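*Asks:* quick check, what structure comes out for this input:
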Amino acid sequence: MTHDSGLTTKDSVVRCSWATSDLLYIKYHDEEWGKPVYNDKILFEFLILEGAQAGLSWITILRRRENYRKAFVDFDVNKVAAFTEKDAERLMNDEGIIRNRLKVNGAITNAKLFMEIQQEFGSFSKYMWSFVPDGKPILNHIEKMSDVPTRTELSDQISKDMKKRGFKFFGTTICYAFMQATGMVNDHLLNCCAR
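*Replies:* Purely as a prediction, here's the structure:
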């Protein structure tokens, strides 16, 4: 039975209501969502996946995650940044990923810009976490899923800075989803098992 204040599954564990009975969603919710990520490779993976998700449901991307891992050479930013037009065409013919030319080209552009940030800040992680007060995750006190924002002033600020640097598919809503996915912000419900 689903409630805005949480979902109790067959195992009697209360989770955020978006973590449905889909095992992939439950695993992602319990093991990844809202957990702080400082590893550049994982941050790059989420940058690619969140950009691909624009306009689609997250489960659509989660179900293709392994295909993305193969298509984007295990999310190796150096290799993706070196992708050529031939690589872009290969990706456009890959039925395992979202075949949107703007998103494919955006991912390659973002890889190059990701590396520029690594050069400037020492790591992409240092750059991203520098936006968060004291470099610590923001722990929100969410009682029901309808209270979870889709954007905040902070996601506006980060998105604006990244857009100024040339990043594609990283508007404030995608930025906030990225922040949730990488634990910069914790939006698990107060009564959620993963909190």
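*Asks:* every contact and neighbour count from this point should use C-alpha atoms.
*Replies:* Noted.
*Asks:* list the buried residues for the longest helix along the chain?
*Replies:* The longest helix of the chain (DSSP state H) is helix 101-121. In terms of neighbour count (16 or more other C-alpha atoms under 10 Å), helix 101-121 has its buried residues at 103-115, 117-118.
*Asks:* then that helix to PDB, C-alphas only?
*Replies:* What follows is helix 101-121, C-alpha atoms only, in PDB (Å, rounded to 0.1, in the frame of the first residue of the first chain):
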ATOM      1  CA  ARG A 101      21.700  13.200 -30.900                       C
ATOM      2  CA  LEU A 102      21.600  16.300 -28.600                       C
ATOM      3  CA  LYS A 103      22.000  14.100 -25.500                       C
ATOM      4  CA  VAL A 104      24.800  12.000 -27.100                       C
ATOM      5  CA  ASN A 105      26.700  15.000 -28.300                       C
ATOM      6  CA  GLY A 106      26.000  16.700 -24.900                       C
ATOM      7  CA  ALA A 107      27.600  13.800 -23.100                       C
ATOM      8  CA  ILE A 108      30.800  14.100 -25.100                       C
ATOM      9  CA  THR A 109      30.900  17.800 -24.600                       C
ATOM     10  CA  ASN A 110      30.300  17.400 -20.900                       C
ATOM     11  CA  ALA A 111      33.100  14.900 -20.600                       C
ATOM     12  CA  LYS A 112      35.500  17.500 -22.000                       C
ATOM     13  CA  LEU A 113      34.200  20.100 -19.600                       C
ATOM     14  CA  PHE A 114      34.300  17.700 -16.700                       C
ATOM     15  CA  MET A 115      38.100  17.300 -17.400                       C
ATOM     16  CA  GLU A 116      38.500  21.000 -17.500                       C
ATOM     17  CA  ILE A 117      37.000  21.300 -14.100                       C
ATOM     18  CA  GLN A 118      39.300  18.500 -12.800                       C
ATOM     19  CA  GLN A 119      42.200  20.500 -14.100                       C
ATOM     20  CA  GLU A 120      41.000  23.700 -12.400                       C
ATOM     21  CA  PHE A 121      39.900  22.300  -9.100                       C
END
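*Asks:* after that helix, heading C-terminal, what element do we hit next?
*Replies:* Sequence-wise, the next helix or strand downstream of helix 101-121 (DSSP states H and E) is helix 124-129.
*Asks:* elements contacting that following helix?
*Replies:* helix 40-53, helix 101-121 (3 or more C-alpha pairs under 8 Å, 6 or more residues apart in numbering; DSSP states H and E).
*Asks:* who's in contact with the helix or strand following the first one?
*Replies:* Just to be clear, that refers to helix 40-53. As assigned by DSSP H and E, the chain's next helix or strand after helix 40-53 is helix 58-62. If you take C-alpha atoms under 8 Å, 6 or more residues apart in numbering as the criterion, helix 58-62 is touched by Leu24, Tyr25, Leu49, Ala52, Gln53.
*Asks:* one more time with 6 Å, if that's ok
*Replies:* Outside helix 58-62, not one residue touches it by C-alpha atoms under 6 Å, 6 or more residues apart in numbering.
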